[in-house]
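**Student:** Kindly return the folded structure for what I paste below:
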Amino acid sequence: MTSTPSGINTLPMPQINTKTISVPDAMLCGWQEIVDLVADITECPSALIMRIHEDDIEVFASSRSAGNPYVPHARDALGHGLYCETVIRERQQLEVPNALKDPEWANNPDIKLGMICYCGLPIFWPDNTPFGTICILDNKERHFNDRVHALLGRFQSALEGHLQILYHKSELKVLNEELEHKVQERTQRLAELSARLLKEIEQRTAAEGHLEFHRTFDPLTHLPNRATLTERLQTLLPKLKKDEHLTLIYFGLRNFKSVNDSYGYLTGDSILVSLSQRLSLKLPDNWLLARIAGSEFVLAALHNASTEMTEQVIARVLSDCSVPFTVNTNSITVQTNLGVAIAPVDATDSVSLLQRASAAMSIAKKEGAVVSFFGQETQKAAHERLLLESHLLDALHQGELAVYFQPLVSVRDKKRLVGAEALLRWHSPELGNVGPDRFIPLAESNGQIIEIGNFVLHEAMKHAAHWCKRSNNPFKIAINISPLQFRERQFVEHIEDLLDLYELPPGTLELEITEGILLQDEHHARASLARLRHLGVQISLDDFGTGYSSLSYLQKYAFDTLKIDRSFISNLEFNEQNRELTRAIIAMAHKLKLNVVAEGVENAFQEAFIQAEECDFAQGYLYGKAIPAEKFAEKFTH
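**Tutor:** Numbering: from 1, shown residues only. Down below sits the predicted model:
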């Protein structure tokens, strides 16, 4: 090993055989789109990405353009004057306007395929070894301008950026294999590579999640989604004539969750598809139907300005929703709540119109009404949501979000601190302190929860790792996980990477999940939870006692901890039923060899009760409020 000036030991970088690095299918699909785009823009019949091997060169990606003679994965031997071989050997751009007029290229093998014009750039791995080329070919003489050269140069840089990611992954794999038996001697270089790779994965995951969220159509019903609906309305609304109205109905199926619970998600999806087909049948040309999310839809109808026409649109929706659905011989009837907003009366832009119709539907649900029209009360709710959403978009990047820590104590061991729960807080300079119950649902609905969830994981695990090193006693950090966050395909791998990055013992981490996570996909939930527990991560079932099927979850999944919802604890002094339920939950959990946490303990009576019932842990204002990391460290880690 060599010594750097700072005294930090580093390992020599591993030698990577770039010939053995494969390009994943997802990345190859992106390359296919690149060559298709290049061929289209340059109007060339052939745009190729070539990969050089030991003895030959391969057509790695070939544009799907008319007149392209190059078949993907076709190979040609080296050493007989290929255009691309020359580009790679000379490590610079090559342009041949017409090989038939150029003695140097008159016998080029591509002439047999009719390709007499060529322009190509080399592509290199990060270690400066050649990958191949990106090139365009034509069957007629051409002199390419600076715009074409710049286009090829941009895609050359993009491809080399992709190769850099693949190279770093291979580099990291080799390092991990070499250091498998020297975990305690991990070098600064490995930590830097791990952090860099993790950041790249997070950025890619966030980008993919953003793109997924903004796709044009809903994959289940094939209806336009919110983004498409908003865009079309924004084009349509300014063109409304004086004698025209646009009735927008925002409607959701009531208690649809119980349908999924009783009949399964396949049945629920079948009902959503059937409903979309009913509503789409003979839909007038100037009406637009979209699926917003879950069991929520929007119908926008352009018509002559009259109350009767609005009533007809409402009747159409109610009629289609009220007819029973037949699925696997089961006849299922669903109820619906409608929120109605009318343009230009209630709003003149698409975003406001949607928000006001949505607010009206929320009022209908709250009041148990079938139909609710936008009014003063819904306007206030819509304005508040719009204000919160606009500020939330930049809150994370402007440093307004922070992770606070609430102490977790041992009830049996004289209130000894055993850990903390990480809680997200938002202080907006304009709005003041905004409660999580107000902004977390917004973040989940607009897709921000993935990025915010990653921020919480990083902050909580970073501080927990520091406190563990300072303390002689075991320390536990509990972190709430959103259903959308848990649904990410690489979630378990992400947790494992974070544990490695911060050198946090897996048993220190406890992930708190709710009923919402378990309702999404039972197979995915069971597999992911099993993998997390295999890593050594603790799993806690949060808000126990408030859901519909909590007892069934104890049969299906393996948990380490149950958290009794604060609604049971807050009324222990005054409610005998709460005392009996709390007593039963603690006893049942102990029979199942689970730890129990009481949330929201605020006074001596509540503490005495859970002590008498031998509850394991507690948190609440009696032991301390959630506070910033610096204050928590000062107060609890001495």
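**Student:** Excluding sequence neighbours, find me the nearest residue to A74.
**Tutor:** Spatial nearest neighbour of A74, chain neighbours left out: V59 (4.7 Å); criterion: CB to CB, 6 or more residues apart in numbering. Glycine gets a C-beta too; all of them are placed from N, C-alpha and C.
**Student:** same question, L386
**Tutor:** Q355 (5.9 Å).
**Student:** can you check Q406 too?
**Tutor:** A626 (4.0 Å).
**Student:** Am I right that the one you found is in contact with V403?
**Tutor:** No: under the criterion of CB atoms under 8 Å, A626 makes no contact with V403, lying 9.2 Å away.
**Student:** anything in contact with each of the two?
**Tutor:** Common contacts of A626 and V403 (CB atoms under 8 Å, 6 or more residues apart in numbering): L423, R425.
**Student:** Checking the residue nearest to L386 next. Helix, strand or coil?
**Tutor:** helix (DSSP: H, G, I helix; E, B strand; the rest coil).
**Student:** So what touches the helix or strand encompassing E308?
**Tutor:** Using DSSP states H and E, E308 maps to helix 307-322. The contact list for helix 307-322 (CB under 8 Å, 6+ apart) reads 245, 247, 249, 251, 253, 275, 278-279, 287, 299, 301, 303, 333-336, 338, 340, 342, 370-371.
**Student:** what about this structure, any weak spots by pLDDT?
**Tutor:** For the chain, the stretches flagged by pLDDT under 70 are 1-13, 181-187, 206-215, 376-379, 381-382, 516, 519-521, 545-550, 637-638.
**Student:** Could you chop it up by domain?
**Tutor:** Following automatic domain parsing, one gets these domains for the chain: 18-163, 226-390, 409-636.
**Student:** got these as a markdown table, with mean neighbour count columns?
**Tutor:** A markdown table is the format used below for the domains of the chain (neighbours: other CB atoms under 10 Å):
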| stretch | mean neighbour count |
| --- | --- |
| domain 18-163 | 17 |
| domain 226-390 | 17 |
| domain 409-636 | 17 |
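**Student:** can you redo those as TSV with distance to E202?
**Tutor:** As requested, the domains of the chain are arranged in TSV below (distance: least, CB to CB, whole Å):
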stretch	distance to E202
domain 18-163	16
domain 226-390	23
domain 409-636	6
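**Student:** closest one to H397 among the ones you listed?
**Tutor:** Among these, domain 409-636 comes nearest to H397, with 9.3 Å by CB to CB.
**Student:** Can you give me the end-to-end span of that closest one?
**Tutor:** 11 Å (CA to CA, to the nearest Å).
**Student:** Could you say which helix or strand holds the residue nearest to P14 when sequence neighbours are not counted?
**Tutor:** With CB to CB, 6+ apart as the criterion, P14 has its nearest non-adjacent residue at 4.1 Å, and that residue is V174. Assigned by DSSP H and E, V174 belongs to helix 146-178.
**Student:** Ok, G620 next?
**Tutor:** Here G620 is assigned to no helix or strand, by DSSP H and E.
**Student:** which stretches of the stretch 151-300 of the chain form helices?
**Tutor:** Secondary structure of the stretch 151-300 of the chain (DSSP state H, counting those that start in this stretch): helices at 188-213, 226-236, 256-263, 265-280.
**Student:** For S350, which of those helices is the nearest?
**Tutor:** The nearest among the helices of the stretch 151-300 of the chain, by CB to CB, is helix 226-236 at 3.5 Å.
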